[in-house]
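Colleague: build me a model:
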Amino acid sequence: MTTWRERHDAAVADQSAAWAKYLDATQKRGKALQDGVTELGSQAAVARDLGVSRAIVNRAIKALERKQQQP
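Modeller: The predicted model follows:
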């Protein structure tokens, strides 16, 4: 049997791991969208192909660019 503190600490570790995976997936998605823009020629074309708005594509790419500019 585990204590509440041990369960809490395990949950915090799980959250940290999930957050790290989320950040990694976000970066990979942004890079894939950049590659899509290179291949298809525009954010609008990528958005149409994926069935999402151009704003979604733009935000993901901008987030990646901001992350890459950090020291």
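
Colleague: for whichever helix in the chain runs longest, enumerate the helices and strands it packs against.
Modeller: Ordering each helix of the chain by length in residues (DSSP state H) puts helix 4-40 first. Packed against helix 4-40, as judged by 3 or more CB pairs under 8 Å, 6 or more residues apart in numbering; DSSP states H and E, are the following elements: helix 43-50, helix 54-69. The C-beta positions use only the backbone N, C-alpha and C, and glycine is treated the same way.

Colleague: any chance of TSV for the ones you listed, columns mean pLDDT and mean neighbour count?
Modeller: Listed next are the helices and strands packed on helix 4-40 as TSV, based on pLDDT from 0 to 100; neighbours: other CB atoms under 10 Å:
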stretch	mean pLDDT	mean neighbour count
helix 43-50	98	16
helix 54-69	95	14
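
Colleague: distance to residue 26 added to those, as TSV?
Modeller: Listed next are the helices and strands packed on helix 4-40 as TSV, based on distance: least, CB to CB, whole Å:
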stretch	distance to residue 26
helix 43-50	16
helix 54-69	7
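
Colleague: among those, which is nearest residue 31?
Modeller: Within the helices and strands packed on helix 4-40, the stretch nearest residue 31 is helix 54-69; the backing value is 6.3 Å (CB to CB).

Colleague: ok, the residue nearest the centre of the chain - contacts?
Modeller: Of all residues in the chain, the one closest to the mean position by CA atoms, centre = their mean is residue 26, 1.1 Å from it. Residues near residue 26 by CB atoms under 8 Å, 6 or more residues apart in numbering: 60, 63-64.

Colleague: before we move on, the earlier item: what are the buried residues along the longest helix of the chain?
Modeller: With burial defined by 16 or more other CB atoms under 10 Å, the residues of helix 4-40 counted as buried are 30, 33-34, 36-37.

Colleague: what's the closest of those residues to residue 49?
Modeller: The shortest gap between residue 49 and any of those belongs to residue 36, at 7.2 Å (CB to CB).
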